[in-house]
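Student: let's see this in three dimensions:
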Amino acid sequence: MEYYSSHINKLIEQLSHLPGIGAKSAQRLAFHIMNMPKDQVDQLTSSIINARENVQYCKCCYTLTDREICPICSNDKRDHSVIMVVENTRDLAAYEKTGKFDGVYHVLHGAISPMLGIGPDDIKLKELMQRLTKDDVKEVIVATNSSLEGETTAMYISKLIKPTGIKVSRIASGVPVGGDLEYIDEVTLLRALEGRVEL
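Tutor: Sure, this is the predicted structure:
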């Protein structure tokens, strides 16, 4: 049964497709948007459109950026011989906030999950291996989440990289099992990095 105009219903429907937004939250957001000044709504819509059109994958590490090569990869002061492998850009941001990691990253955009039908070819693993042949890399730190998928991915990466002779390590489990990196405090992330173990 439709209580609102078709325009509002359409807005509620679109908002409810966003992660973590249920029907009630979508409704609340829709009405909030309806009550915003028009210039604020214009800014919101144009920032969504601009971000979607101008943000791309970094050609090196595959994080989201508005440049061909992201600021981290293009920074000569970073240690390019140490690559930290993370599941997504949010995890990269969590480690960057600590200000203590001076290496570079590789963003997988997911983790291996046979249950969800996500295999090694569905994430940026091939691209990681290509980087290892080109760059002079001494260590790969696997910082995938400590979920079943994260652990599966870590073991798979270890098996791929071991034969190359490059050191592979895994962040320590100061990160709680099943914990998402983006929600973990900086001290814990730092301990996890410092206490990493070789795979």
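
Student: now Val142: phi and psi?
Tutor: Backbone torsions for Val142, taken as degrees, to the nearest 10, come to phi -90, psi 110.

Student: can you check the one 3 residues further on too?
Tutor: The main-chain torsion angles of Asn145 are listed as degrees, to the nearest 10 and equal phi -60, psi 160.

Student: pretty sure it contacts Val85?
Tutor: No: assessed by CB atoms under 8 Å, Asn145 is found out of contact with Val85, at 11.5 Å. Yep, even glycine has a C-beta here, placed from its N, CA and C like the rest.

Student: for this protein, which strand is longest?
Tutor: Using DSSP state E, we find that the single longest strand of the chain is strand 79-86.

Student: residues in contact with it?
Tutor: Contacts to strand 79-86, defined as CB atoms under 8 Å, 6 or more residues apart in numbering, come from residues 92, 95, 101-108, 128, 131, 135-144, 157, 181.

Student: sitting in strands, which of the residues you listed do you find?
Tutor: Taking DSSP E as the definition of strands, the contacts of strand 79-86 contribute Gly103, Val104, Tyr105, His106, Val107, Glu139, Val140, Ile141, Val142.

Student: and those, which is closest to Thr45?
Tutor: Nearest to Thr45 among those, counting by CB to CB, is Val107 at 27.3 Å.

Student: which residues touch the closest one?
Tutor: Cys61, Tyr62, Thr63, Val86, Glu87, Asn88, Thr89, Asp91, Leu92, Lys124.

Student: my read is that the last one contacts Tyr105, right?
Tutor: No: taking CB under 8 Å as the contact criterion, Lys124 and Tyr105 are not neighbours in contact, 11.2 Å apart.

Student: out of the two, which sits in the more crowded spot?
Tutor: Ranked by neighbour count (other CB atoms under 10 Å), Lys124 and Tyr105 place Tyr105 first, with 26 against 18.

Student: so what's that one scoring on pLDDT?
Tutor: For Tyr105, the model assigns a pLDDT of 97.

Student: for the residue nearest the centre of the chain, what are its contacts?
Tutor: The geometric centre of the chain, computed from its C-alpha atoms, lies nearest to Asn88 (CA atoms, centre = their mean), at 1.3 Å. Listed by CB under 8 Å, 6+ apart, the contact partners of Asn88 are Val107, Leu108, His109, Gly110.

Student: between the residues you listed, which sits nearest Met36?
Tutor: The nearest member of the contacts of Asn88 to Met36, counting by CB to CB, is His109 at 32.3 Å.

Student: and the closest one, how many neighbours?
Tutor: Residues near His109, counting by other CB under 10 Å: 16.

Student: wait, doesn't it sit right on Tyr62?
Tutor: Yes: between His109 and Tyr62 a contact is recorded at 6.6 Å, counting by CB under 8 Å.

Student: between these two, which contacts overlap?
Tutor: Lys124.

Student: biggest helix in this protein by residues?
Tutor: In the chain, assigned by DSSP state H, the helix with the most residues is helix 38-54.

Student: ok, back up a step: how far does the longest strand of the chain sit from its chain's centre?
Tutor: Offset of strand 79-86 from its chain centre (CA atoms, centre = their mean, to the nearest Å): 15 Å.

Student: thanks a lot, see you next time.
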